[in-house]
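Asker: Requesting a structural model of the entry that follows:
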Amino acid sequence: MKPKKSSSQKIILFLKGLAMGAANKVPGVSGGTVSFVFGFYEELIYSLKKVNLIAFKLLLNGRFRSFFEYVNGLFLLLIMGGSIFSFFTISLLLDYFLFHYELYVWSCFFGMIIGSIYQIGKGFGDWSFKNIISLIIGISIGLGISFLTPATENDNLWFVFICGIIGVSGMTLPGLSGSFILILLGNYVLLLVDSVNVLLSVITSILSGDFEVLSDPIKVRYLKIITVFTAGSAFGLISISHVLAYVLKRWNQMVNAIIIGFITGSLGIVWPWKKTVYLKEKGKILIDKKGNKIVENYERFIPDFLYSETWIAFFFIAIGIVLILVIGFYGKNKK
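Answerer: Residues are numbered from 1 along each chain as shown. So this is what the prediction gives:
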C-alpha cells in the first residue's frame, strides 16, 4: 500500500497538472514534455495502464475504494483535475499573451524546450549506437511533423473522435504536440477554441438558470463535437498508455532516446521567428465557412539583430531555460 500524500504534495501534483494542461493547449508545446521534466511521466503512463478489465470489474462490483487504489486514483485525479482546470483558466491567459506578445511567448517556450533537452539528456548515460540511431529517428520524425502542411476543418464526428485519439498524444508522448497535430488536421480552432468557448457559455447559462441554450441547434452541435472529442481523447489516453507501458518496460532506453529526439525535433515547431502563411487562390486569401483564414504553413526566418525586440526575445529564451533548470534542481532535491 502506497504512503499517503501530504497536503503540500497534493498541491504540487495539482500545479504540475496545471502546467501540463496549459502546455497541451499551446501548439508546439507537449504536455508529455512537462510530465517528463517534472518527473511524473512514467507514473502517469503506468497509472493510466491500470485502467483495464480488472479496474472495470472492481467498479461494476461496487468496490470503489479498491478501484480508486488500483488505478492510483489520487494521483490521476490531481494531475487530470489540474489539466482540466488549466484548460479553462491558465490556458485562456496563455491565449491572451500569445495574441498580444506572440514572439516573447514562443521565445520562452523555445528556451523551456532547450532546457528540457538538457535536463532529460544529462542523466541518460548510455549513448550506444542503437540509442543514437533512436535519437536520430526521433529528431527526424519531430522535424518532419514541424514542416507538414495543415489540412482544412472537418466536423464529421468520426473524424472528431480520431482527432481526440491523436490530439491527446501530446499528454503521453513528450515532444509531440497534440495541439500542433490538431492544427495539421485542420481542427484546432473547432475543437480547442470554438467548442470550448461554447461549452463555457452553455455552463454559464445553465448555472444562471437559462436552459434555453440547450435548444439552440448551433450550441448543441458544438456540445456534440466536444463530447465526441473528449470520448476520443479518453480512449486514446488509455490505449496509448497501454502501448507505451509495454514498450517502456521492454525498450526503456531506446524509447527515452526517441523521446529526447522528439523534443529536439519539436524546436522547429516553436521557433519564435515565424509568420503564418495563409492559403491563397488567384491572389486572395481563402476563408473557411466560419470566416477564419485557412493556414497553409509557417514561414520561419532568421531574426534581425538590429531590432531591440530580438534581444528581448533572447532574454525570454534565457528565462525559459533557467525556469526548467530550476524546476529540475527542485525536483532532484525533493527525491
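Asker: What number of residues are in the vicinity of the spatially closest residue to G265 that is not a sequence neighbour?
Answerer: Nearest residue to G265, sequence neighbours excluded (Cβ to Cβ, 6 or more residues apart in numbering): G142, at 1.7 Å. (Glycine included, C-beta is placed from N, CA and C.) By other Cβ atoms under 10 Å, the residues close to G142 number 25.
Asker: I'd like the C-alpha coordinates of the helix or strand where G142 lies written as CSV, please.
Answerer: Using DSSP states H and E, G142 sits in helix 129-146. Taking C-alpha atoms only, helix 129-146 is exported to CSV below (Å, rounded to 0.1, in the frame of the first residue of the first chain):
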residue,chain,number,x,y,z
PHE,A,129,24.9,3.0,-31.3
LYS,A,130,21.3,1.8,-31.2
ASN,A,131,20.3,4.7,-28.8
ILE,A,132,22.0,7.3,-31.1
ILE,A,133,20.0,5.8,-34.1
SER,A,134,16.8,6.0,-31.9
LEU,A,135,17.7,9.7,-31.1
ILE,A,136,18.1,10.5,-34.9
ILE,A,137,14.8,8.8,-35.7
GLY,A,138,13.1,10.9,-33.0
ILE,A,139,14.6,14.1,-34.3
SER,A,140,13.7,13.2,-37.9
ILE,A,141,10.1,12.5,-37.1
GLY,A,142,9.8,15.7,-34.9
LEU,A,143,11.2,17.9,-37.7
GLY,A,144,9.1,16.1,-40.3
ILE,A,145,5.9,16.9,-38.4
SER,A,146,7.1,20.5,-37.9
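Asker: and it, what does it pack onto?
Answerer: Applying 3 or more Cβ pairs under 8 Å, 6 or more residues apart in numbering; DSSP states H and E, one finds that helix 129-146 makes contact with helix 178-185, helix 252-265, helix 267-270.
Asker: Sheet partners, orientation included, of the helix or strand following the shortest one?
Answerer: Put plainly, it is helix 267-270. Note on helix 267-270: by DSSP H and E, the next helix or strand toward the C-terminus is strand 274-278. Applying DSSP bridges to the sheet, strand 274-278 is found paired with strand 295-300 (antiparallel).
Asker: could you give the mean pLDDT of the partner strand?
Answerer: Mean pLDDT, strand 295-300: 70.
Asker: who does the following helix or strand past that strand touch, helix- and strand-wise?
Answerer: The C-terminal neighbour of strand 295-300 among helices and strands, as given by DSSP H and E, is helix 308-334. Where contact means 3+ Cβ pairs under 8 Å, 6+ apart, helix 308-334 is packed against helix 31-37, helix 102-121.
Asker: For D155, find the nearest of those.
Answerer: Among the helices and strands packed on helix 308-334, the nearest to D155 by Cβ to Cβ is helix 31-37 (24.5 Å).
Asker: From the rest of the structure, what touches the helix or strand that that closest one is followed by?
Answerer: Downstream of helix 31-37, the first helix or strand assigned by DSSP H and E is helix 41-49. Residues outside helix 41-49 that contact it (Cβ atoms under 8 Å, 6 or more residues apart in numbering): 32, 35, 71-72, 75-76, 79, 171-172, 174, 237-238, 241-242, 244-245, 248.
Asker: now those: which count as buried?
Answerer: For these, a burial check counting by 16 or more other Cβ atoms under 10 Å picks out 32, 35, 71-72, 75-76, 79, 171-172, 174, 237-238, 241, 244-245, 248.
Asker: wait, what's in contact with S208?
Answerer: Contacts of S208 (Cβ under 8 Å, 6+ apart): none.
Asker: what does the one 4 residues further on give?
Answerer: E212 makes contacts with S205, as judged by Cβ under 8 Å, 6+ apart.
Asker: give me that answer again for 6 Å
Answerer: Counting by Cβ atoms under 6 Å, 6 or more residues apart in numbering, E212 touches no other residue.
Asker: Please determine how far it is located from V202.
Answerer: 11 Å (Cβ to Cβ, to the nearest Å).
Asker: what secondary structure does G125 sit in?
Answerer: State at G125, reduced to three classes by DSSP: H, G, I helix; E, B strand; the rest coil: coil.
Asker: where's it relative to I45, distance?
Answerer: Distance, G125 to I45, using Cβ to Cβ: 21 Å.
Asker: Looking only at neighbour counts, state which of the two leads.
Answerer: Neighbours were counted for G125 and for I45 using other Cβ under 10 Å; I45 has more, 23 against 9.
Asker: on that earlier part again, quick check: the farthest pair among the buried ones among the contacts of helix 41-49?
Answerer: For those, the farthest-apart pair by Cβ to Cβ is V71 and P174; their separation is 22.1 Å.
Asker: Leaving out sequence neighbours, find the closest residue to A318.
Answerer: Nearest non-adjacent residue to A318 (Cβ to Cβ, 6+ apart): G111, at 6.2 Å.
Asker: right, and the one you found touches L323 too?
Answerer: No. Applying Cβ atoms under 6 Å, one finds G111 not in contact with L323, separated by 7.6 Å.
Asker: The two: which is more packed in?
Answerer: Comparing G111 with L323 by neighbour count (other Cβ under 10 Å), the higher total belongs to G111, at 24 against 14.
Asker: can you pull the contacts of the more buried one?
Answerer: By Cβ under 6 Å, 6+ apart, the residues touching G111 are I317, G320, I321.
Asker: Cool, thanks, signing off.
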